[in-house]
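Q: sharing a sequence plus its predicted fold:
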Amino acid sequence: MWSRNVSLGKIFHMAAPRVRCPLWTGGMREGQGLTLQQSPLAGGELQGERPKTDIVFLKVHKSASSTVMNILFRFGEMHNLTFAFPQGGGYQLYYPYHFLARFVQGFSPLSPRRFNILCHHMRFLQPEVQKVVPSSAVYFSILRNPVQLMESSFVYYKGASAFSRVRSLEEFLSQPWRYYDPTSGDRHYARNLMTFDFGFNPDGDVSPERVQLMLKAIESSFDFLLISEYFDESMVLLKEMLCWDLDSVVSFPLNSRDSSTKSLLPDSVVEKLKAWNRLDWEIYTHFNRTFWERIERHIGRERLRREVRALRQRQAELARACLQGTDQSLFPPHPKCPRQLLAYTLFLGLQETQWGYCRHCNSPGLLRPARGTVPALCGFLAVQDSQQFMQKCSVFSL
Ligand SMILES: Nc1ncnc2c1ncn2[C@@H]1O[C@H](COP(=O)(O)OS(=O)(=O)O)[C@@H](OP(=O)(O)O)[C@H]1O
């Protein structure tokens, strides 16, 4: 592929503190209480194609990526797949440094060992990623409108240096260069976060030529990109591209803020946000368009509508069976966890078999699992395991 040979380091300045980068930079199980019927709307798996099991998911921050990661964890655990977990027990692959293969637990340049799924937070660097997954891996990611993404980032990363001295996003945007220091190690949370996660320079040139090069590089590295504003449509596309069935992509939103911390932004602020995050805006608008083109090509609007309806039905069934409701009290005030996040409470009376089924839908995906296994059994979102929340909280604190 084009990007595998092109030195993007020459195109975009890549800040990679401390770590030297190469020139290139750039269904749940059946029989667990709830019976799952094969959906008549299932994708390639039922059409005789083998489900894809070698996957690279670039977990772009604040873009519903934890929900997607949770789906991958569940699928991986169900199918005994291996994961490229971070060395040293972290929940990120040494982010914000560019990814290096040696960040993965169990990786050795001398061993042919490859992992099925790579999905923890990382700053993308394809030549290194290629060392830890099979060459057949499917690469995908998920994007979010940069306006909402930055609003979410502002609340979530309030302690980041660019945000710590302002009371509101408006204040930051009124004089961004007063607060934003491009040399600061955590500046990416405040500008072009998606661009950064894809491996590029968030303060890079926005000339049309450079933007085109960046888009082409992403296009040649990734098989498809999803859009979090169209999450259900994205899940239908995901299961289609991976030849999975519909039940494999049923989920509940994770990492959601309580509405009290969400603000409606005036138009003037929205425009400033788009201009400030111009590179992200270019990525988002381009891949939003190609997302719908892909849907037309692979699924068609009519089937998409049917499948989205079926997906929502399954989600509702699952919610009725497993969820008692949402509960903020599971997220007690904690100095390291100031954000108001919504938790789910699972029904206490679930039978053991159902409990196994339900907790698979709620695995946090952020706790570090024991050696090479998946943390799907942690169930921190359940009332019974609320103690686990504090672990999650400390894992979150950067
Ligand atoms: N299914 C679905 N559909 C739409 N939006 C969703 C979904 N799941 C999670 N979210 C929203 O994604 C935000 C959290 O993103 P991440 O999980 O990527 O955050 S993190 O970087 O891992 O911390 C967070 O956004 P904010 O609530 O605006 O902060 C979640 O509400």
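A: That came through fine.
Q: torsion angles phi and psi at residue 314?
A: Dihedral pair for residue 314: phi -60, psi -40, per degrees, to the nearest 10.
Q: ok, and the closest non-adjacent residue to it?
A: Of all residues not flanking residue 314 in the chain, residue 250 sits nearest, at 4.9 Å (C-beta to C-beta, 6 or more residues apart in numbering). All C-beta atoms are positioned from the backbone trio N, CA, C, and that covers glycine.
Q: now swap in residue 61 and tell me
A: residue 193 (5.4 Å).
Q: how many neighbouring residues does that neighbour have?
A: Neighbour count of residue 193, defined by other C-beta atoms under 10 Å: 24.
Q: roughly how far does it sit from the ligand?
A: From residue 193 across to the ligand, the span is 9 Å (C-beta to the nearest ligand atom, to the nearest Å).
Q: looks like that residue contacts residue 95 (just checking).
A: No: counting by C-beta atoms under 8 Å, residue 193 sits too far from residue 95 to count as a contact (11.3 Å).
Q: and the pLDDT at the residue nearest to residue 314?
A: What the model reports for residue 250 is a pLDDT of 89.
Q: per-residue pLDDT, residue 359?
A: On pLDDT, residue 359 comes in at 53.
Q: next, the distance between the ends of stretch 110-127.
A: For stretch 110-127, the separation between the terminal residues is 16 Å (C-alpha to C-alpha, to the nearest Å).
Q: so does that stretch get close to the ligand?
A: No: using C-beta under 6 Å from any ligand atom, stretch 110-127 stays clear of the ligand, with a minimum separation of 6.9 Å.
Q: re earlier: ok, the residue nearest to residue 61 - contacts?
A: 60, 61, 62, 146, 149, 150, 153, 202, 277, 280 (C-beta atoms under 8 Å, 6 or more residues apart in numbering).
Q: residues near the nearest residue to the third one once chain neighbours are set aside, how many?
A: Right, the one you point to is residue 62. Nearest residue to residue 62, sequence neighbours excluded (C-beta to C-beta, 6+ apart): residue 152, at 4.3 Å. Residue 152: 22 surrounding residues under other C-beta under 10 Å.
Q: mind checking the SS state of residue 152?
A: State at residue 152, reduced to three classes by DSSP: H, G, I helix; E, B strand; the rest coil: helix.
Q: next, the contact list for it, please.
A: Neighbouring residues of residue 152 by C-beta under 8 Å, 6+ apart: 62, 144, 257.
Q: report how many residues lie close to the first one.
A: Looking back up the chat, that one is residue 62. Number of residues near residue 62 (other C-beta under 10 Å) recorded here: 24.
Q: so which helix or strand takes in it?
A: For residue 62, there is no host helix or strand (DSSP states H and E).
Q: touching, it and residue 155? I think so.
A: No: with contact defined as C-beta under 8 Å, residue 62 does not count as touching residue 155 (9.4 Å).
Q: wasn't residue 76 part of a helix?
A: Yes: counting by three-state DSSP, residue 76 falls inside a helix.
Q: look at residue 160 and give its secondary structure.
A: Once three-state DSSP is applied, residue 160 turns out coil.
Q: re the thing from before, how close does the residue nearest to residue 61 sit to residue 294?
A: When distance is defined by C-beta to C-beta, to the nearest Å, residue 193 is 24 Å away from residue 294.
Q: kindly report the same for residue 287.
A: Residue 287 is 10 Å from residue 294, where distance means C-beta to C-beta.
Q: which one's more surrounded, these two?
A: Taking other C-beta under 10 Å, residue 287 and residue 294 do not tie; residue 287 has more neighbours (23 against 18).
Q: can I get the helix or strand containing the more buried one as CSV, trimmed to CA atoms?
A: Under the criterion of DSSP H and E, residue 287 resides in helix 278-298. Once non-C-alpha atoms are left out, helix 278-298 reads as follows in CSV (Å, rounded to 0.1, in the frame of the first residue of the first chain):
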residue,chain,number,x,y,z
ARG,A,278,-9.1,22.7,11.0
LEU,A,279,-7.1,19.5,10.3
ASP,A,280,-9.6,17.4,12.3
TRP,A,281,-12.5,19.2,10.5
GLU,A,282,-10.9,18.2,7.1
ILE,A,283,-10.5,14.6,8.2
TYR,A,284,-14.1,14.4,9.6
THR,A,285,-15.8,16.0,6.6
HIS,A,286,-13.9,13.9,4.1
PHE,A,287,-14.5,10.6,5.9
ASN,A,288,-18.1,11.4,6.7
ARG,A,289,-18.6,11.6,3.0
THR,A,290,-16.7,8.4,2.2
PHE,A,291,-18.6,6.6,5.1
TRP,A,292,-21.9,7.2,3.3
GLU,A,293,-20.5,6.2,-0.1
ARG,A,294,-19.3,3.0,1.5
ILE,A,295,-22.7,2.4,3.0
GLU,A,296,-24.3,2.9,-0.5
ARG,A,297,-21.8,0.6,-2.1
HIS,A,298,-21.9,-2.3,0.5
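Q: what comes up buried for that helix?
A: 278-284, 286-287, 291-292, 294-295 (16 or more other C-beta atoms under 10 Å).
Q: repeat that for stretch 95-103.
A: Going by neighbour count (16+ other C-beta under 10 Å), the buried part of stretch 95-103 is 95, 96, 97, 98, 99, 100, 101, 103.
Q: distance of the last one from residue 249?
A: With the distance defined as C-beta to C-beta, residue 103 ends up 28 Å from residue 249.
Q: and what of the first one?
A: For residue 95, the distance to residue 249 equals 25 Å [C-beta to C-beta].
Q: host element of the closest residue to residue 68 other than its chain neighbours?
A: Nearest residue to residue 68 in three dimensions, chain neighbours excluded: residue 142, at 5.7 Å (C-beta to C-beta, 6+ apart). Element membership for residue 142, per DSSP H and E: strand 138-143.
Q: so which residues make contact with that strand?
A: Contact partners of strand 138-143, identified using C-beta under 8 Å, 6+ apart, comprise 52, 54-60, 63-65, 68, 194, 198, 221-228, 234, 238, 241-242, 283-284, 287-288.
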